[in-house]
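below is the structure, and that's it, no one-letter string:
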Ligand SMILES: NC(=O)c1ccc[n+]([C@@H]2O[C@H](COP(=O)([O-])OP(=O)(O)OC[C@H]3O[C@@H](n4cnc5c(N)ncnc54)[C@H](OP(=O)(O)O)[C@@H]3O)[C@@H](O)[C@H]2O)c1
């Protein structure tokens, strides 16, 4: 990757805390290279409690913008000048652009996931019923983008039912759409699978390094023929849920497309650049480089710890 650095280079940040193993800046830089923009992204840890100072510094130094990961996606909102209504209602912003001295925030999780479903997998959203599993930070923006793209009905199941009900409430504020919500248990999974042409798995169940997983994934058998299952997770490449769905002949989409398409949406948001299909390859390469560097760093730390 050929990083530029001259007097015109625009600086961007990926912020979070901790940011030890984030691949985000490397992905940004790959996309900047793809789009031939004179910009560089750096990972920077911002400790909780220092977001206000950080935002002031971005304005003072005329930094181009910054992208956000845990734990700042909600906490950053009070420090921004403009946030679209839906991102505000879901209390989630993950991209911020400095425009005419103002910090403009947006959440692109839903955009990334729906680009992956429609543009990459070729699954039309309009007129379909979508079953959302989970109601955490990514589930709301994904539900809203599905609704914006014309989904007929959205069903949200979650361990904590009140969070699913909140997403329903926000959807009704902006869209004329049929919705249902309920507890994520095997009875409801089986019941609602039978009427859903699209499933979006939005929990951390089945993720590498996370303890929990779906005990029973056979609700997939109730999905209609031709249904698609997308997962926000991409490590492992196939969760138990996706592997089972794939073995039954359903279209499966892992979370890598959501991540990389979000970078394409990021180029549009920050630079008003429409990225083509070939941008995906740059994003994938950036991610692979970042993962290799992450592994090397972990090994280096392990060796250093063993020497002590
Ligand atoms: N591919 C991408 O680009 C991308 C982008 C962002 C995030 N992600 C991934 O998306 C996942 C969700 O992120 P998030 O920000 O929405 O997280 P979050 O706000 O913490 O929400 C977690 C969700 O998982 C559910 N959950 C967790 N443990 C559970 C268990 N043992 N049983 C049942 N449900 C459980 C939670 O249910 P409760 O509400 O009941 O707690 C909630 O619905 C993360 O793993 C993250 O890595 C991927």
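Cool, the structure landed. Keep in mind that what you see is a predicted model, and the values were worked out from it rather than measured. Residues are numbered from 1 along each chain as shown.

what about the residue of the stretch 1-150 of the chain found nearest the ligand, which SS state?
Closest residue of the stretch 1-150 of the chain to the ligand, CB to the nearest ligand atom: residue 136 (1.9 Å). Using the backbone N, CA and C atoms, a C-beta is placed for each residue, glycine as well. Put simply, residue 136 is coil when judged by DSSP: H, G, I helix; E, B strand; the rest coil.

so it makes contact with residue 202?
Yes. In this structure residue 136 lies within contact range of residue 202 using CB atoms under 8 Å: 6.6 Å.

looking at the two, which is more packed in?
Neighbour totals were compared for residue 136 and residue 202, and residue 202 leads with 28 against 16 (other CB atoms under 10 Å).

what about that one, distance to residue 137?
9 Å (CB to CB, to the nearest Å).

can you give me the helices in this protein?
Remark: helices assigned in the chain by DSSP state H are 24-35, 51-61, 85-89, 109-115, 139-148, 161-174, 186-193, 240-247, 256-271, 279-307.

so for residue 95, which of those sits nearest?
In terms of CB to CB, the element of the helices of the chain nearest to residue 95 is helix 256-271, at 5.6 Å.

go through that closest one and flag the buried ones.
Buried residues in helix 256-271, counted by 16 or more other CB atoms under 10 Å: 256-267, 269-271.

helices or strands next to it in the packing?
helix 24-35, strand 95-99, helix 109-115, helix 279-307 (3 or more CB pairs under 8 Å, 6 or more residues apart in numbering; DSSP states H and E).

show me the shaky parts of this protein.
1-4 (pLDDT under 70).

how about the residues of it that lie near the ligand?
109, 112, 134-139, 158-160, 163, 202-205, 207, 212, 232-234, 255, 258-259, 262 (CB under 6 Å from any ligand atom).

the closest residue in space to residue 209 that isn't next to it in sequence: how many residues sit nearby?
Leaving aside its chain neighbours, residue 209 sits nearest to residue 235 (7.9 Å; criterion: CB to CB, 6 or more residues apart in numbering). Residues lying near residue 235 (other CB under 10 Å) number 14.

now swap in the one 3 residues further on and tell me
By the other CB under 10 Å criterion, the neighbourhood of residue 238 contains 17 residues.

wait, it touches residue 256, no?
No. Here residue 238 does not reach residue 256: they are 11.3 Å apart, not a contact under CB under 8 Å.

tell me who's in contact with the residue of the stretch 1-150 of the chain closest to the ligand.
Neighbour list for residue 136: 158, 163, 202, 203 [criterion: CB atoms under 8 Å, 6 or more residues apart in numbering].

ditto for residue 66
12, 13, 14, 15, 58, 96.

check residue 56 too.
Going by CB under 8 Å, 6+ apart, residue 56 touches no other residue.

what about it, distance to residue 73?
19 Å.

now residue 250
31 Å.

which residues does residue 40 bridge with?
residue 11 (DSSP bridges).

give me the neighbour count for it.
Neighbour count of residue 40, defined by other CB under 10 Å: 18.

verify the stated contact: it with residue 12.
Yes. Shown here, residue 40 and residue 12 form a contact pair, counting by CB under 8 Å, at 7.0 Å.

what separation is there between residue 106 and residue 236?
In terms of CB to CB, residue 106 sits 30 Å off from residue 236.

out of those two, which sits in the busier spot?
Taking other CB under 10 Å, residue 106 and residue 236 do not tie; residue 106 has more neighbours (21 against 13).

beta partners for that one?
residue 95.

contacting residues around the closest residue to residue 107 other than its chain neighbours?
In this structure, residue 107 finds its nearest non-sequential neighbour in residue 87, 4.2 Å apart by CB to CB, 6+ apart. Shown in contact with residue 87 (CB under 8 Å, 6+ apart): 93, 105, 106, 107, 141.

and what of residue 189?
Contacts of residue 189 by CB under 8 Å, 6+ apart are 133, 157, 219.
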